[in-house]
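Participant: Take a look and give me a structure for this.
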Amino acid sequence: MFTLEDLSSAKRRKDLIEIAHQKDISVAKALRNLRYEEELRLLQIEMVNFQRWVRKHKMRVAIIFEGRDAAGKGGTIKRFKQHLNPRTTRVVALSRPTEVERGQWYFRRYIKELPNPGEIVLFDRSWYNRAVVEPVMGFCNQQEYNQFMVQVPGFEHMLYEDGVKIIKFWFSISKSEQKRRIDSRLLNPLKKWKFSPVDQKGQALWDKYTYYKEHMFSKTHSTFSPWIIVKANSKKTARLESMRYVLSQFDYTKALKSKTTILPDPNIVLRYYRQIEQIDT
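Facilitator: From the prediction side, this is the model:
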C-alpha cells in the first residue's frame, strides 16, 4: 500500500511507479487502464474531427452494432458518442414493434431512422433483429424470416447506391464470457435494467443463435455492405479497435495530423469470410 508520505513525495506519475516497484506493489492493471483511457481520449478526438468532416461534406453514415446479448454493443456506442455533437449524432435503439408497425413493411420503421445529410446514426441493434433474435425467440414466423432474408441485400444495395455509408459490426464473444457478463449484470444495481428474459435464454439457445448468425452472414455479407467481426471478449480492446475501423474507412484526415493510429488490429477486427475463426461458435 502507498503511504501518505509516498503520495506526498511523488511529483509525477513516474515517481509513483518507481515507489511501487520498490515496495513490490503491482501496478500493471492500473497502467493498462491508464493506457486505455489515453488511447480512448485520442480516438475520441479523432471522432470529433471525423464528425466535423461528415457534417461539412453532408455524408450520411449509419453504423450498425450487432452481436449476442452482453457482447458490449451499448458500452461501445457510449464511447463512440461521448464527445460528439448531439445535433448531428443519434443513437437508435428501437423497442418492440407496435401493432401498427407489425402490419407495415418491416423496413419502414428503420427507414425513418436513417441518417440525414451530415449525420451519423449509431444503431444499437437494427433491422437484423429479424435475421437472428426474432427467429431464435419465435418473434417472427418462417415466411416473415424468409422474406426478410431475400429483401435485405436489395434494401442495402439501394442505400449504397443512394450514398448512405453503412458499417455493420458483429461483436463476437465466447459462451463463458457471455455468462460472466450476464451474471455480473444481476449483481450491479446500475446495470440490472439491461437484463431481460431474452438474456436468460441466450445461453440455453447458444447453438440456435450460432446457426442463424452464420446463415445471416452467408446471405447478407457483400462487397458493398460487408460484415465486420469484432472479437469482443475484451470490452476495452473492442471499443478502441471498432472506433479505429470506422475512422479508417473515411478520408477525413487530409488536413489533420492524427496523434494515434486509426488502423485497426487485423487480429481483432476483420471482414467475415467462411473460414474465419470466430469466438462465438
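Participant: Same question for F171, what's its three-state structure.
Facilitator: strand (DSSP: H, G, I helix; E, B strand; the rest coil).
Participant: Give me the nearest residue to it, chain neighbours excluded.
Facilitator: Setting aside the residues directly before and after it, F171 is nearest to G67 in space (Cβ to Cβ, 6 or more residues apart in numbering), at 3.3 Å. Glycine gets a C-beta too; all of them are placed from N, C-alpha and C.
Participant: Next, count neighbours for that neighbour.
Facilitator: G67 sits with 23 neighbouring residues when counted by other Cβ atoms under 10 Å.
Participant: how near is it to I228?
Facilitator: Applying Cβ to Cβ, to the nearest Å, the value for G67 to I228 is 11 Å.
Participant: Need the overlap of contacts for these two.
Facilitator: Shared contacts of G67 and I228 (Cβ atoms under 8 Å, 6 or more residues apart in numbering): F169, W170.
Participant: Can you tell me how far the residue nearest to F171 is from K191?
Facilitator: Applying Cβ to Cβ, the value for G67 to K191 is 17 Å.
Participant: if we can go back for a sec, surely the residue nearest to F171 is in contact with E177?
Facilitator: No: using Cβ atoms under 8 Å, G67 is not in contact with E177; the gap is 11.6 Å.
Participant: Now list whatever residues contact both of the two.
Facilitator: Here G67 and E177 have no joint contacts, going by Cβ under 8 Å, 6+ apart.
Participant: if I pick the residue nearest to F171, what's in contact with it?
Facilitator: K73, F169, W170, F171, S172, I173, V230, A232, D280.
Participant: rerun at 10 Å
Facilitator: By Cβ atoms under 10 Å, 6 or more residues apart in numbering, G67 lies in contact with 73, 76, 125, 132, 169-173, 178, 213, 229-230, 232, 238, 280.
Participant: Same check on F139?
Facilitator: Contact partners of F139, counting by Cβ under 10 Å, 6+ apart, are R96, P97, N129, R130, V133, Y145, V198.
Participant: so what's the fourth one closest to, chain neighbours aside?
Facilitator: I take that to be R130. Spatial nearest neighbour of R130, chain neighbours left out: F148 (4.5 Å); criterion: Cβ to Cβ, 6+ apart.
Participant: Please read off the pLDDT at that neighbour from the model.
Facilitator: With respect to pLDDT, F148 scores 98.
Participant: Of all the residues in the host helix or strand of it, which ones are buried?
Facilitator: Assessed by DSSP states H and E, F148 sits inside helix 142-161. Applying a neighbour-count criterion of 16 or more other Cβ atoms under 10 Å, one finds Y145, F148, M149, V152, F155, E156, L159 buried in helix 142-161.
Participant: which one of those is nearest L187?
Facilitator: Distance to L187 across those (Cβ to Cβ) is lowest for Y145, with 35.6 Å.
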